[in-house]
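Trainee: Have a look at this fold, sequence not included:
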Ligand code: SF4
């Protein structure tokens, strides 16, 4: 897997998807030495559930451990420091990580109990947890989510769990962006396993999950986060820490240079259909409001999730209003005609955005030009 590759897999069996993704990405060949200490770093900011769009799905961690153990790696741990105000030990327990630890014989490392080491992060003094610095290979496992302060959160911001609580507080006094960028110069991000299953619309603590049912693998945290912007419909320049990290040499923020490898097609329609027979719980209130601007018919989760994020951007910009014709989306529109639709399934419509699925950033532009 090259540094500019982003591998993407769709589906609903998250553990099996992880196993296949890591196999296709050749993770074992990247780690090489079976004696290296490998740390898995999920996003467990608190005790909020993965299903609510807040934390990393435990099935990804199980899949990663099974992959590593089956390839002869024995020195594996799970490390995290929850956010200030929550004990990591409570997050581990509440989210099933204590059970995972017992099942696979993998230690849990609570970085809130670790000591901080002062590092020169390219001109900024930062304190980083010793155990994170001593890791030989770090697998960052962030969740793709909206964030009320930084707009998005994924690989670069997930590194904040690798610093002591006192440093987390200091990051906020420094405005987050600059220290997040500098932190990327001293912590390892050897491999990124991205949970793009149902991250929240705009809050890192969850509550409004948007199902996309995807998992990615990447090697460049800057490129990964720039691609998150594309997927959530946001220009990269609106998330300053991404370009700052690029300028500091961590990676590339130009997604036109990303090599996207889709391991399968997006076909599941399980979660986002408003009227589908398989939906067991109502859409979250804020997602439901945005869904009111759409007319889905057998839409794939990745496609519909992208449209929800695009509509959220337009809503934030104050551009949505009553009386707009619904935006059609989904496999049920194949071969049909209509006014406006997104995705290749609506290619016979008067106005249609190609792509399978199209990215949210392209949907925003298309809807601004053809719908509003
Ligand atoms: S364009 Fe159609 S087939 Fe492709 S992701 Fe969207 S709904 Fe699914």
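Mentor: On my side now, so go ahead. In this text the structure is predicted, and so the values were computed from the model without any measurement. Residues are numbered from 1 along each chain as shown.

Trainee: quick one: residue 260 is in a strand?
Mentor: Yes - assessed with DSSP: H, G, I helix; E, B strand; the rest coil, residue 260 lies in a strand.

Trainee: can you pull the contacts of the nearest residue to it once chain neighbours are set aside?
Mentor: Here the nearest residue to residue 260 in space, its sequence neighbours aside, is residue 6; by C-beta to C-beta, 6 or more residues apart in numbering that works out to 5.4 Å. From N, CA and C alone the C-beta is placed, and that goes for glycine too. Residues in contact with residue 6 (C-beta atoms under 8 Å, 6 or more residues apart in numbering) are 216, 217, 218, 223, 224, 227, 258, 259, 260, 261.

Trainee: ok so residue 6 is a helix residue?
Mentor: No - secondary structure assignment (three-state DSSP) places residue 6 in strand, not in a helix.

Trainee: what sits against residue 306?
Mentor: By C-beta under 8 Å, 6+ apart, the neighbours of residue 306 are 212, 231, 233, 357, 358, 359, 360, 363.

Trainee: Find the helix or strand that it is a member of.
Mentor: helix 301-316 (DSSP states H and E).

Trainee: So for stretch 293-302, mean pLDDT?
Mentor: Averaging pLDDT along stretch 293-302 yields 92.

Trainee: go on, stretch 332-350?
Mentor: Rounded mean pLDDT across stretch 332-350 is 97.

Trainee: Mind listing what's buried along it?
Mentor: 332, 333, 338, 339, 340, 341, 342, 343, 344, 345, 346, 349 (16 or more other C-beta atoms under 10 Å).

Trainee: In this protein, what helix or strand scores lowest on average pLDDT?
Mentor: helix 285-291 (a mean of 88; mean pLDDT, DSSP states H and E).

Trainee: which other helices and strands contact the helix or strand following that one?
Mentor: Helices and strands here follow DSSP H and E; after helix 285-291, the next one along the chain is strand 294-296. Applying 3 or more C-beta pairs under 8 Å, 6 or more residues apart in numbering; DSSP states H and E, we find strand 294-296 packed against helix 301-316, strand 327-329.

Trainee: give me that answer again for 6 Å
Mentor: strand 327-329 (3 or more C-beta pairs under 6 Å, 6 or more residues apart in numbering; DSSP states H and E).

Trainee: Touching the strand it packs on from outside, list them.
Mentor: 294, 295, 296, 299, 307, 338, 340, 341, 342, 343, 346 (C-beta atoms under 6 Å, 6 or more residues apart in numbering).

Trainee: Which one of those is nearest to the ligand?
Mentor: Among the contacts of strand 327-329, residue 343 lies closest to the ligand (C-beta to the nearest ligand atom), at 2.9 Å.

Trainee: Test my guess that residue 152 contacts residue 226.
Mentor: No - counting by C-beta atoms under 6 Å, residue 152 does not reach residue 226; the two are 9.9 Å apart.

Trainee: and stretch 174-187, how far out from the chain's middle?
Mentor: Its chain's average C-alpha position is 19 Å from that of stretch 174-187, according to C-alpha atoms, centre = their mean, to the nearest Å.

Trainee: And stretch 217-237, by the same measure?
Mentor: 9 Å.

Trainee: What are the buried residues along that stretch?
Mentor: Result for stretch 217-237 [16+ other C-beta under 10 Å]: buried residues 217-234, 236.

Trainee: Ok, stretch 174-192 next?
Mentor: Buried residues in stretch 174-192 (16+ other C-beta under 10 Å): 176-177, 179-192.

Trainee: Any chance of the contacts of residue 306 in TSV with pLDDT as columns?
Mentor: Shown next, in TSV, are the contacts of residue 306 (pLDDT from 0 to 100):
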residue	pLDDT
212	92
231	97
233	96
357	92
358	96
359	96
360	97
363	98
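
Trainee: For residue 145, which residues are in contact?
Mentor: 153, 199, 200, 204.

Trainee: Identify the residue with the minimum pLDDT among these.
Mentor: Ranking those by pLDDT, residue 204 lands last with 87.

Trainee: That residue: neighbouring residues, count only.
Mentor: Residue 204 has 24 neighbours, counted by other C-beta atoms under 10 Å.
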